[in-house]
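1. dropping the sequence and predicted coords here.
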Amino acid sequence: AQTVTQSQPEMSVQEAETVTLSCTYDTSESNYYLFWYKQPPSRQMILVIRQEAYKQQNATENRFSVNFQKAAKSFSLKISDSQLGDTAMYFCAFIIQGAQKLVFGQGTRLTINP
Amino acid sequence: ETGVTQTPRHLVMGMTNKKSLKCEQHLGHNAMYWYKQSAKKPLELMFVYSLEERVENNSVPSRFSPECPNSSHLFLHLHTLQPEDSALYLCASSQVTGGELGDTQYFGPGTRLTVL
């Protein structure tokens, strides 16, 4: 079965701090893509960062970076210098290359406090 | 308009009503998706259209009927829904390349549906 587990239902940090969200996944496939999506209270699901499983180098997008450990099937998201606008639900997801189904985790509710 | 848009943003309907949700993508993509997001459950894929043909239907009840008239538009027709169908319905799109569905999906803002 293909599953995604986000073990932290909720997290809260102070503005400007660094926070790491955990994600583990399970698949027997070797070619896939991993994603972090952000869903703020406005409900729009926004792509934060994307990682190809065949790439060893961790993806980065400005303040967002990932720690991808393929052998451990771990894909954590680090947010540096957190901002109030980072407050949202964060979903980890993956898709097998060529497949239709994007498999999502349950999400982590992140709150950035002033 | 840019990205993926959905209308209406909110919908309240009775169990005997018929309504439709609309999704439009302005990204030049050729695959579109409907997802259901319920409280405390992961997103559930409902339908996939690739090049305007349905390629996935995850055993969705027949009271949900999708329609994809062209690569930019996707509808979800609703008929005799149940209260447990109340949820956020999200539309997404991606690009088919070489016959394979694109890996990155871009989402619309969703329609919050309440069935009374």
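-> Yep, it's here.

2. B:His79 contacts B:Ser65, doesn't it?
-> Yes - counting by Cβ atoms under 8 Å, B:His79 touches B:Ser65, with 7.0 Å between them. C-beta here means a position set from N, CA and C on the backbone, and glycine is covered the same way.

3. number of residues surrounding B:Met46?
-> B:Met46 has 20 neighbours, counted by other Cβ atoms under 10 Å in any protein chain shown.

4. now B:Asn17
-> A total of 14 residues lie near B:Asn17 under the criterion other Cβ under 10 Å.

5. helix or strand for the residue nearest the centre of chain A, which one?
-> By Cα atoms, centre = their mean, the mean C-alpha position of chain A lies nearest to A:Trp36, the distance being 3.2 Å. Using DSSP states H and E, A:Trp36 sits within strand A:32-39.

6. so what's the residue in chain B that chain A sits nearest to bridging to?
-> Proximity of chain B to chain A (Cβ to the nearest Cβ) peaks at B:Phe107, 3.7 Å away. Going by DSSP bridges, B:Phe107 is paired in beta bridges with B:Ala92.

7. same question for B:Tyr33.
-> Here B:Tyr33 shows beta-bridge partners B:Val48, B:Ala92, assigned using DSSP bridges.

8. against B:Arg54, how distant is it?
-> Separation of B:Tyr33 from B:Arg54 (Cβ to Cβ, to the nearest Å) stands at 11 Å.

9. more crowded one of those two?
-> B:Tyr33 (25 against 12).

10. so who does the more buried one touch?
-> Residues in contact with B:Tyr33 (Cβ atoms under 8 Å, 6 or more residues apart in numbering or on different chains) are A:Gln100, B:Leu45, B:Met46, B:Phe47, B:Val48, B:Tyr49, B:Cys91, B:Ala92, B:Ser93, B:Ser94, B:Gln105.

11. all strands for the chain, in order.
-> Just going to use chain A. With DSSP state E as the criterion, chain A has strands at A:3-5, A:10-14, A:19-21, A:24-26, A:32-39, A:46-52, A:60-61, A:64-69, A:74-79, A:88-96, A:103-104, A:108-113.

12. sorry, I should have been clearer: chain B.
-> For chain B, the strands defined by DSSP E cover B:4-7, B:10-13, B:18-25, B:31-37, B:44-50, B:53-57, B:64-70, B:73-79, B:87-94, B:106-107, B:111-115.

13. with respect to those, which exhibits the lowest mean confidence?
-> Ranked by mean pLDDT, the strands of chain B end with strand B:53-57 at the bottom, a mean of 82.

14. CA atoms only for stretch A:96-109, dumped as CSV, please.
-> Output of stretch A:96-109 as CSV, limited to C-alpha atoms (Å, rounded to 0.1, in the frame of the first residue of the first chain):
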residue,chain,number,x,y,z
ILE,A,96,4.4,7.5,-8.7
GLN,A,97,5.8,8.4,-12.0
GLY,A,98,3.1,8.0,-14.7
ALA,A,99,0.4,7.4,-12.1
GLN,A,100,-2.7,9.6,-11.6
LYS,A,101,-3.1,9.4,-7.9
LEU,A,102,-1.4,11.9,-5.6
VAL,A,103,-1.2,10.3,-2.2
PHE,A,104,-1.6,12.8,0.7
GLY,A,105,-0.8,12.7,4.4
GLN,A,106,-3.2,13.8,7.0
GLY,A,107,-1.5,17.2,7.3
THR,A,108,0.2,19.3,10.0
ARG,A,109,-1.4,22.4,11.3
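
15. hang on, the earlier thing: and the strand holding A:Trp36 with chain B, contact?
-> Yes - contact of strand A:32-39 with chain B (Cβ under 8 Å from any Cβ of the partner chain) involves A:Tyr33, A:Phe35, A:Tyr37.

16. fine, thanks again, bye for now.
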